[in-house]
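>>> Can you look at this prediction? I've put the sequence above it.
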Amino acid sequence: MRIHTLNFGDLEVAADAVIAFDDGLPGFPQLRRFVVLEMDDIKPFQYLQALPDDDTPPIALYLINPFLVDSSYEFRLTDSDMEAIKSTNSVELTIYTVVTIPADPREATVNLMAPVVINKKDRRGRQVILHDSKYSVRHPLLSGAETETESPDMDGETANQQASGNTDGNL
């Protein structure tokens, strides 16, 4: 399928790469279909590209693997979060966080309080708000960035515990 992006022009993406966000994203409830664009030019970042169904502009958000920013990052998904993304096993999940890059890139931040969780198997996603979290919505990107450049998948306990050593990152 052909999509239009503001940053990369028209791109061809596989129809099975589309991820359904049944509740949209906070601030964008009308946007419910997305693809993750992995471009060599922007690694270790990816784009979460919206696929609008109407005249909405084709927005995209920078994503990064949160474990590259904070290797001790951890959180628990609720049963309702797991149900919303149609998952019973965290091995199916890939975790990202949204990055904000202002005019001065040294001031870039990562929203560790609201990770984007994607079920690779069923192509479902959700941005999860971590209530009562120790994390910030504006964690400095460069304050503790790791040197890895690929997004690890989560192993059986890791999505609810901590990062695994698997750096495959494929959806």
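Received it, and whenever you're ready, just let me know what you need. Numbers count the residues shown, from 1 in each chain.
>>> All the helices of this structure, in order from the start?
Taking DSSP state H to define them, one finds helices in the chain at 66-69, 79-84.
>>> Buried deepest among these, which one?
For these, the largest average neighbour count (mean count of other CB atoms under 10 Å) is found in helix 66-69, namely a mean of 23. In this view, the C-beta of every residue, glycine as well, is placed from N, C-alpha and C.
>>> Below-threshold pLDDT in this protein: ranges please.
54-55, 144-171 (pLDDT under 70).
>>> Next, name the residue at the spatial heart of it.
In the chain, the C-alpha closest to the average C-alpha coordinate belongs to residue 96, at a distance of 3.2 Å (CA atoms, centre = their mean).
>>> The helices of the chain: which one's closest to residue 101?
helix 66-69 (13.3 Å; CB to CB).
>>> can you give me the offset of the closest one from its chain's centre?
12 Å (CA atoms, centre = their mean, to the nearest Å).
>>> now swap in stretch 19-39 and tell me
10 Å.
>>> and the nearest residue to residue 17 once chain neighbours are set aside, how many residues sit next to it?
In space, and not counting its chain neighbours, residue 17 is closest to residue 35: 5.0 Å by CB to CB, 6 or more residues apart in numbering. If you count neighbours by other CB atoms under 10 Å, residue 35 ends up with 24.
>>> how much space is there between residue 130 and residue 47?
Look at residue 130 and residue 47: by CB to CB, to the nearest Å, they are 23 Å apart.
>>> got a list of what residue 118 touches?
19, 36, 85, 93-96, 124-125, 171 (CB atoms under 8 Å, 6 or more residues apart in numbering).
>>> now with 6 Å?
Counting by CB atoms under 6 Å, 6 or more residues apart in numbering, residue 118 makes contact with 19, 94, 125.
>>> Same question for residue 75.
Applying CB under 6 Å, 6+ apart to residue 75 gives the contacts residue 130.
>>> So it versus residue 122, what's the distance?
According to CB to CB, residue 75 stands 21 Å off from residue 122.
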